[in-house]
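**Student:** Got a sequence here, can you model it:
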Amino acid sequence: MEVNLLMSIIEQYGYLAIFFLLWLGIVGLPIPDELVVATGGFLVSIGILNPVYSFLTAYLGVASGLTIGFLLGKYFGKPILGWLSKKEKMKHKVEQATAMLEKHGTTALCISYLFPVVRHLVPYLVAMGGMSYRRYALLSYPIGLVWTFAFYLIGYIFGRNVETIIGMIRSYGAYTLLILVVVVGAYLLVRKLRARTSQAKGE
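**Tutor:** Residues are numbered from 1 along each chain as shown. Here you go, the predicted model:
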């Protein structure tokens with residue numbers, strides 16, 4: 001199980017492992033980025049990691065991957081894209097990312113987070129298209145923060161079940177994520193109401 005492997009790596013190497021696993025996601029590390037972030041959240045829930053350090057390290061890893069993707073696209077975009085397009089599995093993803101940009105414009109930077117691999121390709125493409133780094137940063141880093149928080153929270157709440165849940169998200173995309181948002185929202189609401197009820201009874 002990938003969760004067990006990640007837990008072992010993170011327990012051994014600490015917060016740096018979270019950072020580098022996410023940073024290396026841009027070059028095609030076979031472990032899903034979502035699972036790395038969620039495992040960090042899970043380890044926080046069982047008291048192994050500090051919540052603040054774990055989240056900040058995860059976000060810095062995501063942000064660094066976004067930065068590298070943009071810079072590679074700006075300076076080495078065409079050779080890298082040509083090389084990727086020669087691979088049968090990647091060719092479809094490149095076409096999907098290109099079509100997404102043509103249809104949605106810069107909004108694709110936000111939408112691409114719902115699609116594995118595509119979210120790593122879109123930074124290459126927008127950089128190749130001449131987008132300024134300032135505009136790229138204003139669009140990509142905030143949505144990267146939201147994405148990191150979402151999967152961190154999924155890991156914190158669902159624990160060892162994250163591998164199954166993330167597998168569903170990667171297979172069914174936005175639909176599963178929307179259901180999870182509703183479930184997590186309901187869970188947090190119930191917890192808040194219970195806390196208020198307990199406090200009222202105590203008074």
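**Student:** low-confidence ranges in the protein?
**Tutor:** 1, 26-30, 169-181, 183-185, 199-203 (pLDDT under 70).
**Student:** for the helix or strand where Gln12 lies, packing partners?
**Tutor:** Using DSSP states H and E, Gln12 falls within helix 2-13. Here helix 2-13 touches helix 15-23, helix 33-45, helix 162-172, going by 3 or more C-beta pairs under 8 Å, 6 or more residues apart in numbering; DSSP states H and E. (Glycine included, C-beta is placed from N, CA and C.)
**Student:** Pipe those helices into JSON lines and attach mean neighbour count and distance to Met131 per row.
**Tutor:** JSON lines is the format used below for the helices and strands packed on helix 2-13 (neighbours: other C-beta atoms under 10 Å; distance: least, C-beta to C-beta, whole Å):
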{"stretch": "helix 15-23", "mean neighbour count": "20", "distance to Met131": "22"}
{"stretch": "helix 33-45", "mean neighbour count": "26", "distance to Met131": "22"}
{"stretch": "helix 162-172", "mean neighbour count": "18", "distance to Met131": "27"}
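**Student:** those helices in this protein, which residues are they?
**Tutor:** Using DSSP state H, the helices of the chain run over 2-13, 15-23, 33-45, 51-85, 88-104, 108-111, 118-128, 133-158, 162-172, 174-202.
**Student:** Kindly compare burial across these and name the winner.
**Tutor:** Neighbour counts (mean count of other C-beta atoms under 10 Å) averaged over each of those peak at helix 33-45, with a mean of 26.
**Student:** Tabulate the helices and strands packed on helix 2-13 (JSON lines), appending distance to Gly105.
**Tutor:** Formatted as JSON lines, these follow (distance: least, C-beta to C-beta, whole Å):
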{"stretch": "helix 15-23", "distance to Gly105": "27"}
{"stretch": "helix 33-45", "distance to Gly105": "24"}
{"stretch": "helix 162-172", "distance to Gly105": "25"}
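**Student:** For Arg191, which of those is the nearest?
**Tutor:** helix 33-45 (13.6 Å; C-beta to C-beta).
**Student:** Next, the angle helix 118-128 makes with the closest one.
**Tutor:** Helix 33-45 and helix 118-128 are oriented at 120 degrees to each other (axes from the mean of the first three to the mean of the last three C-alpha atoms, to 10 degrees).
**Student:** how much does helix 33-45 deviate in direction from helix 2-13?
**Tutor:** Using the same axes, to 10 degrees, helix 33-45 lies at 60 degrees relative to helix 2-13.
**Student:** What lies in contact with helix 33-45?
**Tutor:** Residues outside helix 33-45 that contact it (C-beta atoms under 8 Å, 6 or more residues apart in numbering): 2-3, 6-7, 10-11, 18, 21-22, 25, 49-51, 54-55, 57-58, 61-62, 65, 116, 148, 151-160, 162-163, 165-166, 169-170.
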